[in-house]
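Student: missing the sequence, but the structure's below:
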């Protein structure tokens, strides 16, 4: 499967690219608004994987070029770039492409991080409103610590909550998540359940801030 | 320590009473609007604990009577009774009493359960607005499955997120939580961080609904 990670030069994009590169044989494309930056990062990921004995080719492209070539497009961009990013790639997508949103909107004040719920109901709903109607959107990979994901020496037992209104698309993303060692995908229903998933991310950050010795936290439902 | 569990006849009240009864020697008082019901349930809890070799006395009272005698008052009532309950016990509280809110407001639609955030910002903030100014309020025990907690045959490794603006009161509740075997209290800052904690509860229910073999879920940060 061909997976494009738009914003793949950022921290969660790096984590997912490295984990899929290490644990699977999927074809990985790093997208960025700046194609040169995408190529530089793709080379870095290749080098990191090669240093661990995994010889793979990771290519870098401008976001819409990466999306054009992909079966699954992960929108690993900041929440405030999500709609722009979806609009910028919309004409490269068709009904066979699965869009994945791991994006979370947060605000910070003196008490910590908070979920910044958009008027649309969730960040995923913003993306859903910007995409072509025939393209399915799935939410996943929200509550993962980017640093821990990108550190291939770290093992973990984390859950990722997966939601979406298209069952086939959701199933594709569940399978991709399950291929990452230590990651367990859990179905959490449709797009209307997005806000509760997205709001776990500021909570993870607050727990890490307030408790000594806890950092790069994920979550496990048990 | 003397702990009053208002609404202690309900499911989360039962779970906390049984666990503290089993794991600690704290004095436990079950509160209810109906004192007869409180006494009946208190007897049931005593019988359940005695069947496991724990001889302890648990007394039942009308809510305000239970609160009057307690060092810690747990508001184990439904969210829509929270303010009324706090107001009904307000004149029994003083600055030495720690109020604890495990309450969560939820609504349900065809897609699942959702956090029903009050205009005050959180359910805990509603309670904080109703209490005397000198009485500290701590949030804890929101994300625990009542059935699993009340089943003393069940072992677990669950976290409970504890928040509040009074550090001494929070420390008291952290210690009480840590005395329950398998429960790990995590500090999550002040009252302003309540909404993200409360909104985990509908998520736990949705995960249990959507995934075969998962039920009575708690959460672990790792």
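Tutor: Looks like it came in fine. Just so we're clear, the structure is a prediction, and the values are computed from it rather than from any experiment.

Student: Tell me, how many residues neighbour residue A:151?
Tutor: 14 (other CB atoms under 10 Å in any protein chain shown). All C-beta atoms are positioned from the backbone trio N, CA, C, and that covers glycine.

Student: Name the nearest residue to it, sequence neighbours excluded.
Tutor: In this structure, residue A:151 finds its nearest non-sequential neighbour in residue A:216, 7.9 Å apart by CB to CB, 6 or more residues apart in numbering or on different chains.

Student: Excluding chain neighbours, give the residue nearest to the residue nearest in space to the middle of chain A in space.
Tutor: With distances taken as CA atoms, centre = their mean, the residue of chain A nearest its centroid is residue A:102 (4.1 Å). Once flanking residues are discounted, residue A:102 sits nearest to residue A:141: 3.7 Å by CB to CB, 6+ apart.

Student: any idea how far residue B:90 is from that neighbour?
Tutor: 46 Å (CB to CB, to the nearest Å).

Student: other SSEs contacting the longest helix along chain A?
Tutor: The residue-count maximum for a helix in chain A (DSSP state H) belongs to helix A:35-50. Applying 3 or more CB pairs under 8 Å, 6 or more residues apart in numbering or on different chains; DSSP states H and E, we find helix A:35-50 packed against helix A:11-23, strand A:27-32, strand A:58-62.

Student: for the shortest one, packing partners?
Tutor: Spelled out, that is strand A:58-62. Identification of packing neighbours for strand A:58-62 by 3+ CB pairs under 8 Å, 6+ apart yields strand A:27-32, helix A:35-50.

Student: what sits against residue A:102?
Tutor: By CB atoms under 8 Å, 6 or more residues apart in numbering or on different chains, the contact set of residue A:102 is A:12, A:16, A:74-76, A:139-142, A:144.

Student: Mark which of those residues are part of strands, please.
Tutor: Residues of the contacts of residue A:102 located in strands (DSSP state E): A:74-75, A:139.

Student: Same list, the residues you listed, but only the ones touching chain B.
Tutor: Near chain B, judged by CB under 8 Å from any CB of the partner chain, there are no entries from the ones in strands among the contacts of residue A:102.

Student: so which of those residues comes closest to chain B?
Tutor: Within the ones in strands among the contacts of residue A:102, the smallest distance to chain B is 12.5 Å, found for residue A:139 (CB to the nearest CB).

Student: What angle do strand A:27-32 and the longest helix of chain A make with each other?
Tutor: 140 degrees (axes from the mean of the first three to the mean of the last three CA atoms, to 10 degrees).

Student: For helix A:35-50, which outside residues touch it?
Tutor: Helix A:35-50 is contacted by residues A:8-9, A:14, A:17-18, A:21-22, A:28-32, A:55-62, A:65-66, A:152 when judged by CB under 8 Å, 6+ apart.

Student: Narrow those to those that are buried.
Tutor: A:8-9, A:14, A:17-18, A:21-22, A:28-32, A:56, A:58-62, A:65-66, A:152 (16 or more other CB atoms under 10 Å in any protein chain shown).

Student: Other residues contacting the host helix or strand of residue A:128?
Tutor: If you go by DSSP states H and E, residue A:128 is part of helix A:123-130. For helix A:123-130, contacts defined as CB under 8 Å, 6+ apart pick out A:75, A:79, A:82-83, A:86-87, A:90, A:99, A:101, A:103-105, A:118, A:120, A:137, A:139, A:163, A:191, A:194, A:198.

Student: And for stretch A:161-177?
Tutor: Here stretch A:161-177 makes contact (CB under 8 Å, 6+ apart) with A:1, A:3, A:20, A:24, A:26, A:71-72, A:98, A:100, A:124, A:136-143, A:160, A:183-191, A:193-194, A:197, A:200, B:203, B:207.

Student: Would you mind listing which of those are buried?
Tutor: Burial by neighbour count, 16+ other CB under 10 Å: within the contacts of stretch A:161-177 this picks out A:1, A:3, A:20, A:24, A:26, A:72, A:98, A:100, A:124, A:136-143, A:160, A:183, A:185-191, A:193-194, A:197, A:200, B:203, B:207.

Student: and the closest residue in space to residue A:79 that isn't next to it in sequence, what are its phi and psi?
Tutor: Once flanking residues are discounted, residue A:79 sits nearest to residue A:105: 3.9 Å by CB to CB, 6+ apart. Backbone torsions for residue A:105, taken as degrees, to the nearest 10, come to phi -100, psi 130.
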